[in-house]
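K.L.:
using only what follows, build the 3D model:
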Amino acid sequence: MSIQKKKDIRALFFYEGKLITWTKRSHGAGKLDGEIPEFIRKQMRLTRRQFQDLIGCPLGLPEYIQILRTQGLIQQATGGKPSPAGIPQKR
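P.N.:
Take a look at the predicted model:
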């Protein structure tokens, strides 16, 4: 996961050097309310239940990777790992 703080705060998730998904939000302080959590949930490719688990912490990195595999965003049995600090790995 790479966090970029520019005009907006962006979180990018790389797996085996490939950008899989990303999300962003404004720098505004305060609670995320309204439709913003729903936008973030969709960008992360999670169901409402999975997003609640992510916020509550039962959903960790291995579970998130499995969700992305189930959706076909990450190849099965690649044996890869998330790139450290979200930096794409050179092959």
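
K.L.:
how about the helix or strand containing A11: buried residues?
P.N.:
If you go by DSSP states H and E, A11 is part of strand 8-15. In terms of neighbour count (16 or more other C-beta atoms under 10 Å), strand 8-15 has its buried residues at A11, L12, F13, F14, Y15. For glycine as for every other residue, the C-beta is placed from the backbone atoms N, C-alpha and C.

K.L.:
save those residues as TSV, and put in pLDDT too.
P.N.:
Compiled in TSV, the buried residues of strand 8-15 are given as follows (pLDDT from 0 to 100):
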residue	pLDDT
A11	83
L12	86
F13	88
F14	90
Y15	91
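
K.L.:
next, give me the two most distant ones among the residues you listed.
P.N.:
Distance extremes for the buried residues of strand 8-15: the farthest pair is A11 and Y15 at 13.8 Å, using C-beta to C-beta.

K.L.:
quickly find the element holding the residue lying closest to Q71 once chain neighbours are set aside.
P.N.:
Using C-beta to C-beta, 6 or more residues apart in numbering and skipping residues adjacent in sequence, the residue nearest Q71 is R45, 5.9 Å away. R45 belongs to no helix or strand when elements are defined using DSSP H and E.

K.L.:
who's in contact with R45?
P.N.:
Taking C-beta atoms under 8 Å, 6 or more residues apart in numbering, we find R45 in contact with T21, I67, L68, Q71, L73.
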